[in-house]
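*Asks:* 3D, please:
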Amino acid sequence: MAEIDVMSRLDLVIFGATGFTGMKVVEQLATVAKKYPAMTWGVAGRSEAKLKALMADIGKKIGEDLTGIRIILAEVTNERSLRDMCEQAKVLINCCGPYLMYGEPVVKAAVEAKTHCVDVSGEPQAGSAGRSPLSKKHPKDLPVFEPKLRTRSTIHKLEDQWCVPFPGVDESVVYRTQRFFHDHENQRVIQFKTYVKLGSLCTVMRTGFAGVLIALLSKTAPTMKLLLKYPKLFSGGMVTLKGPTENVMNNTKFTFELYGVGWDKNTDVSGKPNKKAVVKRWRSDNWSSIS
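*Replies:* So this is what the prediction gives:
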């Protein structure tokens, strides 16, 4: 397939559109696209039949005719198909996981096709330093700045709620961005830590016990098979083979809180921060919006 001129490419292409996360991204994009009639987009995946069925279902759900949306066939194990897909997009949204296994070929194809590529990875293994396909570009650690951000105890209290370290990929993603700003714009690195509020100490203890139990069961092949076969049983109903239902997602709320301290402009930043804490809160009434 001849390389498509950048100006004739689709604005967005969603790869892995028929997966659980991909379907939610397609639905959100199809809804938002109503406000931007000039925006062009498409969906990509292995099965043309599944992609057509997806577009029909979402079109019916939001009351839009999506038959004109371009469908692109691409397979993560087929480099040529990935390259052809990327050459049809200005920006590729990669929803095909797990990224630790399938992320690198897509990134490689996007780079070769001069296509911007983003993903929705929340996988700690794929996002942590040394495990990402992009980590080889940053062999050196970031410099350590003073004063150093204090690491809180594993279990601590904040605003009358008990907190523990958040085991997600957020911290790694933030520091990758900070590395870019430091290396290319000579900016001071923002120090960042992530925690999750669990409310009561009893909830913390129950969560910790469940985490230890699952970690132990995952150590051997027989018990790992049990975990994969009966996730609902071992997670107390929180994880299922089919994923959360629409009802569960629509009734699951979360709050993102950001606390920050710093310095006024033209102030010596080697000393203690002199600016009051900044608190920002974002609330969502639908779990799927986290995608």
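
*Asks:* Could you check how many residues crowd around the closest residue to Phe254 other than its chain neighbours?
*Replies:* Once flanking residues are discounted, Phe254 sits nearest to Ser284: 5.8 Å by CB to CB, 6 or more residues apart in numbering. C-beta: built from backbone N, CA, C; applies to glycine. Other residues near Ser284 come to 13 when the count uses other CB atoms under 10 Å.

*Asks:* And Lys197, by the same measure?
*Replies:* 18.

*Asks:* Touching, it and Cys163? I think so.
*Replies:* Yes. With contact defined as CB atoms under 8 Å, Lys197 reaches Cys163; the gap is 5.2 Å.

*Asks:* Excluding covalently adjacent residues, which one is nearest to Thr203?
*Replies:* That would be Trp162: by CB to CB, 6+ apart, it lies 7.4 Å from Thr203.

*Asks:* count of neighbours near that neighbour?
*Replies:* With other CB under 10 Å as criterion, Trp162 counts 18.

*Asks:* Next: the one 10 residues further on.
*Replies:* Other residues near Ser172 come to 18 when the count uses other CB under 10 Å.

*Asks:* C-terminal to the strand or helix carrying it, which secondary structure element comes first?
*Replies:* Element membership of Ser172 [criterion: DSSP states H and E] is helix 170-185. The helix or strand immediately downstream of helix 170-185 is strand 195-199, counting by DSSP H and E.

*Asks:* Which strands or helices does the helix or strand just after that following strand pack on?
*Replies:* Sequence-wise, the next helix or strand downstream of strand 195-199 (DSSP H and E) is helix 201-217. Helices and strands touching helix 201-217, by 3 or more CB pairs under 8 Å, 6 or more residues apart in numbering; DSSP states H and E, are strand 161-165, helix 221-229, helix 231-234.

*Asks:* and of those, who's closest to Val26?
*Replies:* For Val26, the closest of the helices and strands packed on helix 201-217 is helix 231-234, at 25.0 Å, according to CB to CB.

*Asks:* Report the distance from the closest one to the chain centre.
*Replies:* Relative to its parent chain, helix 231-234 has a centroid offset of 24 Å by CA atoms, centre = their mean, to the nearest Å.

*Asks:* Could you pull out the buried residues of that helix?
*Replies:* Of all the residues in helix 231-234, those buried under the rule 16 or more other CB atoms under 10 Å are Phe234.

*Asks:* before we move on, back to that, just say which of the helices and strands packed on helix 201-217 is most tucked in.
*Replies:* strand 161-165 (a mean of 17; mean count of other CB atoms under 10 Å).

*Asks:* Counting by contacts, list what it packs against.
*Replies:* In this structure, strand 161-165 packs against strand 156-158, strand 195-199, helix 201-217, with contacts taken as 3+ CB pairs under 8 Å, 6+ apart.

*Asks:* Report the buried residues of stretch 183-191.
*Replies:* Residues 189, 191 are the ones in stretch 183-191 that count as buried (16+ other CB under 10 Å).

*Asks:* for the record, mean pLDDT for it?
*Replies:* For stretch 183-191, mean pLDDT is 88.

*Asks:* Any chance you could list what contacts it?
*Replies:* 142-143, 145, 148-149, 174-175, 178-179, 181-182, 269 (CB atoms under 8 Å, 6 or more residues apart in numbering).

*Asks:* on that earlier part again, shouldn't the residue nearest to Phe254 be in contact with Lys253?
*Replies:* Yes. The pair Ser284 / Lys253 is scored as a contact, 6.7 Å apart, by CB under 8 Å.

*Asks:* rewinding a little: how far off centre is the helix holding Ser172?
*Replies:* So, by CA atoms, centre = their mean, the centroid of helix 170-185 is 16 Å from its chain's centroid.

*Asks:* Tell me which residues of it come out buried.
*Replies:* 170-176, 178-179, 182.

*Asks:* Which of the helices or strands spans Ile72?
*Replies:* Under the criterion of DSSP H and E, Ile72 resides in strand 70-73.

*Asks:* ok, which stretches of this protein are strands?
*Replies:* Along the chain, the stretches classed as strands by DSSP state E are 10-15, 41-45, 70-73, 89-94, 116-119, 156-158, 161-165, 195-199, 254-262, 275-284.
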